[in-house]
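> Only the shape, not the letters, is given here:
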DNA sequence: TTGAAAGCGCTACCAT
DNA sequence: ATGGTAGCGCTTTCAA
C-alpha cells in the first residue's frame, strides 16, 4: 500500500514543438529524418530536442506503431554459457539499431515456454528468437500462430528433419554440425586413428543428429572402422560423457580416439580415461564440439570444433534487421562454418593399444558420489 | 522499401466491453480484480475476456501508467556464467509477477554503460539492476538522477566503502565475501596450514576488497603467518591466477595452501602447481571463491566458497517487488551467507614442504603461449 | 513544406 | 456498482 505514482514528467514532443512554435507532427517528422521537412527546420528541431533533452516515449510509439523495438529471446535454461555469447552477438547488432532484448528461460518445460511466448507477444515484441534443443509441435504452432518473425537457433523446424530444406516460415541460424564433426574425424584419421568412438547428443536435438551424421559420413568416406558398437548414446552432459566413455573404453578392442558430441561429454571422457590410467593424448585422443571456455584451459586443452556462438547471435540480429525492413522476405537458413581448434588432447594413434586398467568402480553412481559430490559443506 | 505495417488487430478492452454491453472502465476494473466490481459482473467479464482471448496491450498500459512492468539489468559482460544464474533467480521471481527482464551489457565500458541506462529509462523500465565490478561516480550520478529504483549487486556504492553502512539511495544485494574467505582460512587452519598465500581480485571491486579483508582477518584471528609477501595482486582471471601462483610458489619458503579470490584464479594456481610438479592437495592445498560450474568437475574438484548466485537474483527480485508496492522504502543492504564446499583440492598440511621443481619457463608470456593457445586452427 | 486533428488501447477520474 | 470521458505521447492521415 504505498505511493505508486511516478512523477517523472519527461519532455514531450509537444513541449519541443511549442518551444519552437511548430507543429508536433513536424517535430515527429524531423526526428525521423523524413525528407519532407525543410533542412533548416529540421536542424532547428534537432538542436532544440537535444537542448531540451528530449527522449521519445517508447510506450507511446509502440502503442501507435504496434512495434516495440524489442525482440524476445527464449533460452532452454540460463546455465549454459554459450547462450550468453549468442545474446552478446545479438545485442551487438540490435542495440545500436535501437532494439532491446527481452530474455526468458523455458527451464526446459513446455508450459513455461508457452507462457514466455505469450508474455512476449503481449509486450508486442517485434520478433522472437528461440534457442532451444527441442520445440514440440504445439509450441511451433503457437509461434507460427502469433504472426511474428521467428528465428530458430540450433534447431531446425520439425518439418525440415527429413527434407533438409526450408519449408517452414521460420528463419534458421545454426552451425555446420555435420561438417564440423566430419573435419574432426578427418583430423583424427590424419593422425592415424582407424577406430574412433563417438558419443552422441540427445536424439531430439536436430543439431545433435547432424553431429552424429558428420561422424558416420566421415567414417564412411575415410574408410574407418564403422563397427556399430563405436557409437554410444549420450545427452550433452558430463555424466553422459562418463557413461559413454565407460562403454566405449571397456570394449574388447577399445577405440584409440573418442569424439564427444559436445565438450562437456569430452570432459567426462577425460575423467574416465584418467581413472583407467590412460594418458591423454598418448594412449587416447579425445575431442569435443563447442569450444566452451574451459576447453582452452591448460589442464584441459581440448581439441574441439568451435561453435561460432557470437557469430550466430550477430547473424540472427542481421537477419532480424533485414526482416524488419522488409516483411515479405522468404525464410532462409544460415549455416555458419566451424573451425577445428587443435589443442593437446589429440595426438598420433598409439602403435600398440593399451587396454588400460579396468575401472575400479563398477557402479557409476557410487563412483560419481565420491568424485563429483563435495565431501563437506560448511556454512560460513 | 518493404511492407512494414503489422495487421495484428488484437482484441481490445472495448471489444470485450461491447460484447458484454458494459463500459470499458468496468472491464478494466474487473481485470484488475478491483473490489468495486460486483462479483457477478466480474465473473462475466473474466469469462468473456478469456473466451475472446483478450490480451492487454502492454504499450497502452505503460503509456498511461508510466510503468512498463519491466526491469533492466546491466551486466559488465556476457561471458561470466554467474550472471546467468543471477538473472535466472531474478526471473524466477519477476516473471510470475508479470515483469519482463531487459538485459544489456556494458562491455566494461563507461560509455556503453551510460547508453544502456539511457535506453532503459527511455523504455520506462520500472527499475534498474546493476551487476558490475565497477561503477564510476558519473554513472552512479546518472543512475541516481533518473529517479528509478536501483539495485546494486556485488558492488557497494562508492560512499559505503569507508563507512560500510548504507547512506546511498540504492538497494544493495551481495554475498558475505569477508565471512566466506574467513571460513576458508579457518578450514585450512583446521587442516594444519600455518602459511597460506592469497591472490587478490581487482582493487576497484568492493567485493574483491572484502575478500581480501576476510583473508587478513582470518590470518590475524587465527594467529597464522601474516608475512606481507603472502598476498599477491590478481584480477579475477586465469592468467592473473597463474601470475599470482608463480609469485607465491616461488617464495623461498612457499605457502602450503593458496586461497584465490575467485575460482578462475584457483584454476590458474592449479596449473602452475602441476607445472612445478606439486601434487594437489598432497603438497599444496588450493581453494577459490564462487563455485563455478567447472569447480565441481572431478578433474578439478575445487574446494571453494560458493557464491549464492541464484539466491542473489531471487533476493533482488523480492526487493524490487517490495519497492514496487511501496516506493517510500528506505534502502537496504542484503548480504547473503556463503557455504564452503569442501572437495578434493584441500588436505592436511604436508609435514615436509617440498619446494617443487622450479618453473621451466621464466618468461610467463612464452609459457602461456605454449600452454594456452591452440596449436592449430583448421577451417572445416 | 507545414499544421490540425484523429486516434492507438488503456486507465483514472468523476458522475451517475 | 457502473458508465462516460479525458487524456497518456506519439504517428499519421489529410488539409492548407
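Right, received. Where do you want to start? Given the structure is predicted, the values throughout are model-derived calculations rather than measurements. Numbering: from 1, shown residues only, chains lettered A, B, ... in the order given.

> quick one: contacts for residue A:339?
Listed by C-beta atoms under 8 Å, 6 or more residues apart in numbering or on different chains, the contact set of residue A:339 reads A:305, A:306, A:308, B:377, B:378, B:379, B:380. Backbone N, C-alpha and C define where each C-beta goes, glycine included.

> Looking at those residues, which is nearest residue A:53?
Residue A:53 lies nearest to residue A:308 out of the contacts of residue A:339, by C-beta to C-beta, at 40.7 Å.

> so that closest one touches residue A:335, yeah?
No. With contacts counted by C-beta atoms under 8 Å, residue A:308 stays clear of residue A:335, the gap being 10.3 Å.

> who has more neighbours, these two?
Between residue A:308 and residue A:335, residue A:308 has the larger neighbour count (other C-beta atoms under 10 Å in any protein chain shown), namely 22 against 16.

> So what does the more buried one look like in phi/psi?
Dihedral angles of residue A:308 (phi, psi; degrees, to the nearest 10) stand at phi -80, psi 70.

> And the helices in the stretch 251-380 of chain A, which stretches?
A:263-275, A:309-325, A:364-371 (DSSP state H, counting those that start in this stretch).

> Residue A:278 and DNA strand D: what is the separation?
65 Å (C-beta to the nearest atom of the strand, to the nearest Å).

> hey, what's in contact with both of residue A:308 and residue A:335?
residue A:175.

> returning to what we had before: ok, the contacts of residue A:339 vs DNA strand C, which is closest?
Minimum distance to DNA strand C across the contacts of residue A:339 is 40.4 Å, recorded for residue A:308 (C-beta to the nearest atom of the strand).

> and residue A:352, how many residues sit next to it?
By other C-beta under 10 Å, the residues close to residue A:352 number 5.

> Name the residues of stretch A:336-349 that are buried.
For stretch A:336-349, burial by neighbour count (16 or more other C-beta atoms under 10 Å in any protein chain shown) applies to A:336, A:338, A:339, A:340, A:341, A:342, A:343, A:344, A:345, A:346, A:347, A:349.

> before we move on, back to that, minimum distance to residue B:100: which of the helices of the stretch 251-380 of chain A has it?
helix A:309-325 (18.3 Å).

> Would you point out the helix or strand in chain A whose mean pLDDT is lowest?
Least confident helix or strand of chain A, by mean pLDDT, DSSP states H and E, is helix A:160-163 with a mean of 52.

> which strands and helices sit next to whichever helix or strand comes after that helix?
As assigned by DSSP states H and E, the chain's next helix or strand after helix A:160-163 is strand A:171-175. On a contact count with 3 or more C-beta pairs under 8 Å, 6 or more residues apart in numbering or on different chains; DSSP states H and E, strand A:171-175 meets strand A:150-153, helix A:309-325, strand A:333-336.

> which residues sit against the first one?
Outside of strand A:150-153, the residues that reach it under the criterion C-beta under 8 Å, 6+ apart are A:86, A:127-132, A:135, A:143-144, A:169-174, A:312, A:316, A:319-320.

> cool, and the last one?
Residues external to strand A:333-336 that are found in contact with it (C-beta under 8 Å, 6+ apart): A:156, A:160, A:166, A:171-176, A:308, A:311-312, A:315, A:319.

> Let me know the closest of those residues to residue B:252.
Nearest member of the contacts of strand A:333-336 to residue B:252, counting by C-beta to C-beta, is residue A:308, at 47.8 Å.

> shouldn't residue A:22 be in contact with residue A:38?
No. The pair residue A:22 and residue A:38 does not pass the contact test of C-beta under 8 Å, sitting 10.6 Å apart.

> Settle it for me: which of those two has more neighbours?
Under the neighbour definition other C-beta under 10 Å, residue A:22 and residue A:38 were set side by side, and residue A:22 has more, 17 against 11.

> For that one, give its distance to residue B:243.
62 Å (C-beta to C-beta, to the nearest Å).

> now swap in residue A:331 and tell me
The spacing between residue A:331 and residue B:243, counted by C-beta to C-beta, is 50 Å.

> Looking at the two, which one has more neighbours?
More crowded of residue A:331 and residue B:243, by other C-beta under 10 Å: residue B:243, with 21 against 18.

> dump the residue contacts of that one.
Counting by C-beta under 8 Å, 6+ apart, residue B:243 touches B:232, B:234, B:268, B:364.

> Quick check: which of these has the minimum pLDDT.
Minimum pLDDT for the contacts of residue B:243 is recorded at residue B:364 (70).

> That one against residue B:242, yeah?
Yes. With contacts counted by C-beta under 8 Å, residue B:364 reaches residue B:242, the gap being 7.1 Å.

> out of these two, which sits in the busier spot?
residue B:242 (26 against 14).

> Spatially nearest residue to the more buried one, not counting backbone neighbours?
residue B:268 (4.0 Å; C-beta to C-beta, 6 or more residues apart in numbering or on different chains).

> do the same with residue A:291
residue A:306 (3.8 Å).

> Now for that neighbour: which residues touch it?
A:290, A:291, A:338, A:339, A:340, A:341.

> wait, residue A:212 sits on residue A:233?
No. Using C-beta under 8 Å, residue A:212 is not in contact with residue A:233, being 9.9 Å away.

> Compare the two (neighbour count), which wins?
Set residue A:212 next to residue A:233 and count neighbours by other C-beta under 10 Å: residue A:212 wins out with 24 against 14.

> so is that one in a helix, a strand, or just coil?
Under DSSP: H, G, I helix; E, B strand; the rest coil, residue A:212 falls in the helix class.

> Return the residues in contact with the residue nearest to it when sequence neighbours are not counted.
Excluding its sequence neighbours, the residue lying closest to residue A:212 (C-beta to C-beta, 6+ apart) is residue A:200, at 5.0 Å. Residues near residue A:200 by C-beta under 8 Å, 6+ apart: A:208, A:211, A:212, A:231, A:232, A:233, A:234, A:244, A:261.

> Contact partners for the fourth one?
Put plainly, it is residue A:231. By C-beta under 8 Å, 6+ apart, the neighbours of residue A:231 are A:197, A:198, A:200, A:212, A:215, A:216.

> now the stretch 151-300 of chain A, which segments are flagged as low pLDDT?
For the stretch 151-300 of chain A, applying pLDDT under 70 flags the ranges A:157-168.

> in it, what residue is nearest chain B?
Nearest residue of the stretch 151-300 of chain A to chain B (C-beta to the nearest C-beta) works out as residue A:183 at 3.5 Å.

> can I assume that residue sits in a helix?
Yes. Checked against three-state DSSP, residue A:183 lies within a helix.

> Thanks a lot, catch you later.
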